[in-house]
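A.B. asks: From the sequence below, what's the structure:
(chains A and B)
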Number of protein chains: 2
Amino acid sequence: MKTISENRCFGGVQGVYSHASQATGTDMTFGLFLPAGAEDGPVPLLWYLSGLTCTHENAMVKAGAQRWAAEAGIALIFPDTSPRGEEVADDAAYDLGKGAGFYVNATENPWAPHFRMWDYITRDLPELVFKAFPLEEGLQAITGHSMGGHGALTIAMSFPGRFSSVSAFAPIASPTSSDWGRKQFTAYLGEDESTWAQHDSSLLMKRRGFDGPVLIDQGGSDQFLDLLKPEALAGAMAERRQGGSFRMQKGYDHSYFFVSSFIEDHIAFHVDALRG
Amino acid sequence: MKTISENRCFGGVQGVYSHASQATGTDMTFGLFLPAGAEDGPVPLLWYLSGLTCTHENAMVKAGAQRWAAEAGIALIFPDTSPRGEEVADDAAYDLGKGAGFYVNATENPWAPHFRMWDYITRDLPELVFKAFPLEEGLQAITGHSMGGHGALTIAMSFPGRFSSVSAFAPIASPTSSDWGRKQFTAYLGEDESTWAQHDSSLLMKRRGFDGPVLIDQGGSDQFLDLLKPEALAGAMAERRQGGSFRMQKGYDHSYFFVSSFIEDHIAFHVDALRG
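C.D. replies: Modelled structure (predicted):
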């Protein structure tokens, strides 16, 4: 593991690190905020998965999350959204290839060799960070924005017991029925739609639900409402009698101004659940 | 004036606007955050002047200021740091020309035609925004980071009565004795150093001081300490018996992680002074 940068931030340290990932077969970069309390022993960890076009950096600098994490004494991890590098396949579109890993393991070429973000987030990166940093593996929670909200929800429901709580900002809630999903799943997973369902949070919510609290915030003036399909997830949560809240925030759009406006609430929500 | 974007943010609106400036002879872009209370009438305004290489956007997305401005019911304005456009002179160095206006009116060529950021910040932009937005002209405060801290301090001391309070994050505190200053003042103002003193906050502090409270935060691990020369300003404040605080923040560097860690304090400081 290589340290790219470390900055003092709200009494803790905002670091950026890179490491060789077995899952993606590439070097991967991530941001990790450690609160001051991490000097005295392991702290809980909140995962923040980012959206289309993002790297590890966007939420780290724009979401305003560190202030609340510092106060609560929890760490934040900001992974990248895809493999990077010259050897990695890409597409001219912003929503396929680099910056658009969709948190799946690709089975189709040319994506299969490197686009294994599911394994990266759920196996490689945890193995690394719980060894390298003072983080409490038994105290994890997960959130994300847009494509990252999709990732947070599908991962949380697929690893029962790993995360105390899950939240999302404007998640891609129904990828199997949206152009944000059908296009990417066809490319990464192939045309057999039966393999897609495990990566659709609304379908997973109906089938399994989540064994802890769920918080969803969606901007009422989000320019991508037609692609996000929040109604699918809200309906599934209600149908499942899932414990949690689905909030439609009037006037807010899809930007980080929306995320930063509500990140305090999300961190407080996860801290409550982590404290159990 | 043209609206470039408006995003709902902490119950208010984060807007970006452009307008033709008489001072610079160019179109200029600025960010303005209006809290929810601006719907009911004029609100106080805090100016945030940015540093080298920045546009209107950096602090707007990375300083985490809106949360505290929203709570306090004050507006924030984020001006650009130089004129822009093909017709505007530039230099290959990051610290001269575009992104490096230094908040002066250039008298030397090739800079004189457009590099008039002093007039832009103190005359053009106020004339525009107090007409176009619900802002209380009698309730202004000013802050800034690095080159913007220099701008905030020199402007505040040069317009007694206009600003209730001034603060700065890691200001360029002694430009007449630093490579961050001597190079630019020579280029913009010419070799007669007698014209430089009015743009040196440590000299102004000794000579005039500020008729309100002053708050300075400086990172103790700032990588640019040798260029910033905080000791000049701290000494001048003490010599002047200036009311205010100079704080050396151990371990913090020059980044926005430093700014965002203390922006809450600065906004609270200005709100106290504005409420007077």
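A.B. asks: any idea which residue sits dead centre in chain A?
C.D. replies: Nearest to the geometric centre of chain A sits A:L49, at 2.2 Å (C-alpha atoms, centre = their mean).
A.B. asks: doesn't A:G144 make contact with that one?
C.D. replies: Yes. Using C-beta atoms under 8 Å, A:L49 is in contact with A:G144, at 3.4 Å. C-beta here means a position set from N, CA and C on the backbone, and glycine is covered the same way.
A.B. asks: In terms of helices and strands, where is A:F102?
C.D. replies: Per DSSP states H and E: A:F102 is located in neither a helix nor a strand.
A.B. asks: Could you report the neighbour count for it?
C.D. replies: 29 (other C-beta atoms under 10 Å in any protein chain shown).
A.B. asks: Wait, it touches A:L189, no?
C.D. replies: No. Counting by C-beta under 8 Å, A:F102 does not reach A:L189; the two are 9.2 Å apart.
A.B. asks: which residues are in contact with both of the two?
C.D. replies: Residues within reach of A:F102 and of A:L189 at once, by C-beta atoms under 8 Å, 6 or more residues apart in numbering or on different chains, are A:H199.
A.B. asks: How about the residues of the stretch 101-250 of chain A by chain B?
C.D. replies: Contact residues (C-beta under 8 Å from any C-beta of the partner chain) of the stretch 101-250 of chain A with chain B: A:G219, A:S221, A:Q249.
A.B. asks: any idea which of these has the most stuff around it?
C.D. replies: Using other C-beta under 10 Å as the neighbour test, those are led by A:G219, with 28 neighbours.
A.B. asks: which strand residues sit across from it in the sheet?
C.D. replies: Judged by DSSP bridges, the bridge partners of A:G219 are A:Q249.
A.B. asks: From what I see, it and A:D253 are in contact.
C.D. replies: Yes. Between A:G219 and A:D253 there is a contact at 5.2 Å, judged by C-beta under 8 Å.
A.B. asks: can you give me the helices in chain A?
C.D. replies: For chain A, helices defined by DSSP state H occupy the ranges A:57-62, A:66-72, A:117-119, A:125-132, A:147-158, A:179-189, A:201-207, A:225-228, A:230-240, A:256-275.
A.B. asks: picking that back up, out of the residues of the stretch 101-250 of chain A next to chain B, which comes closest to B:P175?
C.D. replies: A:G219 (43.4 Å; C-beta to C-beta).
A.B. asks: For stretch A:37-47, which residues meet the burial criterion?
C.D. replies: Using 16 or more other C-beta atoms under 10 Å in any protein chain shown as the test for burial, stretch A:37-47 gives A:G37, A:A38, A:P42, A:V43, A:P44, A:L45, A:L46, A:W47.
A.B. asks: could you dump these to TSV with distance to chain B and pLDDT?
C.D. replies: Output for the buried residues of stretch A:37-47, formatted as TSV (distance: C-beta to the nearest C-beta, whole Å; pLDDT from 0 to 100):
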residue	distance to chain B	pLDDT
A:G37	15	97
A:A38	14	98
A:P42	21	98
A:V43	18	98
A:P44	21	98
A:L45	19	98
A:L46	17	98
A:W47	20	98
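A.B. asks: returning to what we had before: any figure for the gap between the residue nearest to the centre of chain A and chain B?
C.D. replies: As judged by C-beta to the nearest C-beta, to the nearest Å, A:L49 and chain B stand 20 Å apart.
A.B. asks: and the residue of the stretch 101-250 of chain A found nearest chain B, what does it touch?
C.D. replies: Nearest residue of the stretch 101-250 of chain A to chain B, counting by C-beta to the nearest C-beta: A:S221, 6.7 Å away. When contacts are counted by C-beta under 8 Å, 6+ apart, A:S221 touches A:K250, A:G251, A:Y252, A:D253, B:R8.
A.B. asks: what's the answer for A:D211, then?
C.D. replies: A:P160, A:G161.
A.B. asks: 10 Å - rerun?
C.D. replies: Neighbouring residues of A:D211 by C-beta atoms under 10 Å, 6 or more residues apart in numbering or on different chains: A:A156, A:M157, A:P160, A:G161, A:F163, A:S164, A:V166, A:Q242, A:G243.
A.B. asks: Just the ones in strands from those residues, please.
C.D. replies: By the criterion of DSSP state E, membership of these in strands covers A:F163, A:S164, A:V166.
A.B. asks: The last one pairs with what?
C.D. replies: Translated: A:V166. A:I142, A:V214.
A.B. asks: what's the answer for A:T29, then?
C.D. replies: Residues in a beta bridge with A:T29, per DSSP bridges, are A:S18.
A.B. asks: That one: how many residues sit nearby?
C.D. replies: By the criterion of other C-beta under 10 Å, A:T29 has 18 neighbours.
A.B. asks: now swap in the one 4 residues further on and tell me
C.D. replies: Other residues near A:F33 come to 26 when the count uses other C-beta under 10 Å.
A.B. asks: And the residue lying closest to A:E57 once chain neighbours are set aside, how far from B:V271?
C.D. replies: Among residues not flanking A:E57 along the chain, A:G31 sits closest, at 6.8 Å (C-beta to C-beta, 6 or more residues apart in numbering or on different chains). Distance, A:G31 to B:V271, using C-beta to C-beta, to the nearest Å: 31 Å.
A.B. asks: cool, A:G220 as well?
C.D. replies: Here A:G220 is placed at a distance of 30 Å from B:V271 (C-beta to C-beta).
A.B. asks: Which of those two has more residues huddled nearby?
C.D. replies: A direct count of neighbours by other C-beta under 10 Å for A:G220 and B:V271 places B:V271 higher, at 20 against 14.
A.B. asks: The more buried one touches B:A75, doesn't it?
C.D. replies: No. B:V271 is beyond contact range of B:A75, at 12.0 Å (criterion: C-beta atoms under 10 Å).
A.B. asks: which residues are common contacts for the two?
C.D. replies: Between them, B:V271 and B:A75 share the contacting residues B:P44, B:L46, B:A69, judged by C-beta under 10 Å, 6+ apart.
A.B. asks: ok, now which ones touch the first one?
C.D. replies: Applying C-beta under 10 Å, 6+ apart to B:P44 gives the contacts B:35, B:37, B:69, B:72-75, B:135-141, B:164, B:270-271, B:273-275.
A.B. asks: which among these end up buried?
C.D. replies: Buried by 16+ other C-beta under 10 Å: B:35, B:37, B:69, B:72-75, B:135-136, B:139-141, B:164, B:270-271, B:273-274, out of the contacts of B:P44.
A.B. asks: So which of the residues you listed would count as near chain A as well?
C.D. replies: Near chain A, judged by C-beta under 10 Å from any C-beta of the partner chain, there are no entries from those.
A.B. asks: what's the residue lying closest to A:P42 once chain neighbours are set aside in contact with, if anything?
C.D. replies: Leaving out its chain neighbours, the residue that sits closest to A:P42 by C-beta to C-beta, 6+ apart is A:E136, at 4.1 Å. For A:E136, the contacting residues are A:A38, A:G41, A:P42, A:V43, A:P44, A:L45, A:I74, A:A75, A:F130, A:L274, by C-beta under 10 Å, 6+ apart.
A.B. asks: Which of those sits closest to A:D124?
C.D. replies: The shortest approach to A:D124 among the contacts of A:E136 belongs to A:F130, at 11.5 Å (C-beta to C-beta).
A.B. asks: Per-residue confidence, the residue nearest to A:P42, what does it come out as?
C.D. replies: pLDDT for A:E136: 98.
A.B. asks: Next, see if stretch A:72-81 gets close to chain B.
C.D. replies: No. Applying C-beta under 10 Å from any C-beta, one finds stretch A:72-81 separated from chain B by no less than 12.6 Å.
A.B. asks: and of the shared contacts of B:V271 and B:A75, the nearest to chain A?
C.D. replies: B:A69 (12.1 Å).
A.B. asks: Just confirm the closest one contacts B:V13, I think it does.
C.D. replies: No. Taking C-beta under 10 Å as the definition, B:A69 is not a contact partner of B:V13, at 11.6 Å.
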